[in-house]
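Peer 1: only geometry, no sequence info:
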Ligand SMILES: [Zn+2]
Ligand SMILES: [Zn+2]
Ligand SMILES: [Zn+2]
């Protein structure tokens, strides 16, 4: 069995040669920021079951905790596979792998975003389950926003932003591009007016990658840690906010799933939000 994949820009390509022996959805704050989504899905394979099919020059590494150094593509910002100190490879299948193992459980469920409800029957662990060999990580819960400002930041703290306008819409997008960009089952994005977003720190540390054949699609990320950051779209007068970047509770939740026609085969929707095969035109 060979399961091949690439990052959003195609610079990094890899394969796994065995079915992952574990898979989980992680709801921790660092995964939310790294992926800009409600949670990240990770697969685990042995080092000998993983091969790079490309050069690895564009990989940027960021040590997000004493146990884990994460990796992303410095060109497009996609999270790419990385070895853990337990010797196994962590892979975020996201849009990179279309088919493969479904998650066995939710981890860091106790830390999940206040704007996301975990549904379905999978077991939920408060933090790392034992099989990972990882130690417990302390996390502060998100705080309520103050004075109408919702704050957001990247993992490394270089980039910080404030949102001062209400979100017009929050949705989970399952399209191929969002999945590859976020390396997650789906993106969770909030939309607000372009004047409602202000970078208060580190705007010059943002990288961006526009998909060549896309009209609008652009990924914006912190060049140091790869966290997904707001994208300002002057053409449409909107700002697209990766919800995983938020530090405050925005008091609004995703309203629907879109592009479920493109959904990864290893993912299942278990909530009862409306689903649309593509994007509704309303
Ligand atoms: Zn790339
Ligand atoms: Zn995590
Ligand atoms: Zn950063």
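Peer 2: Yes, it's here. Given the structure is predicted, the values throughout are model-derived calculations rather than measurements. Ligands and ions are numbered 1, 2, ... in the order given.
Peer 1: Quick check: residues of the chain near ligand 2?
Peer 2: Within reach of ligand 2 by C-beta under 5 Å from the ion, the chain has these residues: 26, 28, 31. Using the backbone N, CA and C atoms, a C-beta is placed for each residue, glycine as well.
Peer 1: Tell me where the stretch 1-150 of the chain is predicted with low confidence.
Peer 2: 1, 94-95, 131-146 (pLDDT under 70).
Peer 1: Among the residues of the chain next to ligand 2, which lie within helices?
Peer 2: residue 31 (DSSP state H).
Peer 1: Could I get the contacting residues of the spatially most central residue of the chain?
Peer 2: Nearest to the mean C-alpha position of the chain, by C-alpha atoms, centre = their mean, lies residue 35 at 1.9 Å. Applying C-beta atoms under 8 Å, 6 or more residues apart in numbering, we find residue 35 in contact with 79, 92, 94, 182-184, 228, 244.
Peer 1: Not counting its neighbours along the chain, what's nearest it?
Peer 2: Here the nearest residue to residue 35 in space, its sequence neighbours aside, is residue 184; by C-beta to C-beta, 6 or more residues apart in numbering that works out to 4.4 Å.
Peer 1: What of residue 203?
Peer 2: residue 159 (7.2 Å).
Peer 1: wait, doesn't that neighbour sit right on residue 204?
Peer 2: No - applying C-beta atoms under 8 Å as the test, residue 159 and residue 204 come out as separate, 9.3 Å apart.
Peer 1: So which of these two has more stuff around it?
Peer 2: For the pair residue 159 and residue 204, the greater number of neighbours falls to residue 159 (27 against 9), based on other C-beta atoms under 10 Å.
Peer 1: how far away is that one from ligand 3?
Peer 2: Counting by C-beta to the ion, to the nearest Å, the gap between residue 159 and ligand 3 amounts to 5 Å.
Peer 1: per-residue pLDDT, that residue?
Peer 2: Reported pLDDT at residue 159 in the predicted model: 98.
Peer 1: quick one on the thing from earlier: go ahead and confirm the residue nearest to residue 35 touches residue 40.
Peer 2: Yes - Residue 184 sits in contact with residue 40 when judged by C-beta under 8 Å, with a separation of 5.5 Å.
Peer 1: Can you pull the residues that touch both of the two?
Peer 2: residue 92.
Peer 1: Quick one: the helices in the stretch 151-282 of the chain, in order.
Peer 2: Remark: helices assigned in the stretch 151-282 of the chain by DSSP state H, counting those that start in this stretch are 176-182.
Peer 1: And the closest residue to residue 117 other than its chain neighbours, its phi and psi?
Peer 2: Counting by C-beta to C-beta, 6+ apart, residue 117 lies nearest to residue 271, which is 6.7 Å off, once chain neighbours are set aside. Phi and psi for residue 271, reported as degrees, to the nearest 10, are phi -90, psi 180.
Peer 1: Does residue 271 touch residue 119 like I think?
Peer 2: Yes - when contacts are counted by C-beta under 8 Å, residue 271 is listed as touching residue 119 (4.4 Å).
Peer 1: who's more crowded, those two?
Peer 2: Counted by other C-beta under 10 Å, residue 271 and residue 119 do not tie: residue 271 has more neighbours, with 14 against 11.
Peer 1: Before I go, just wanted to say thanks for your time.
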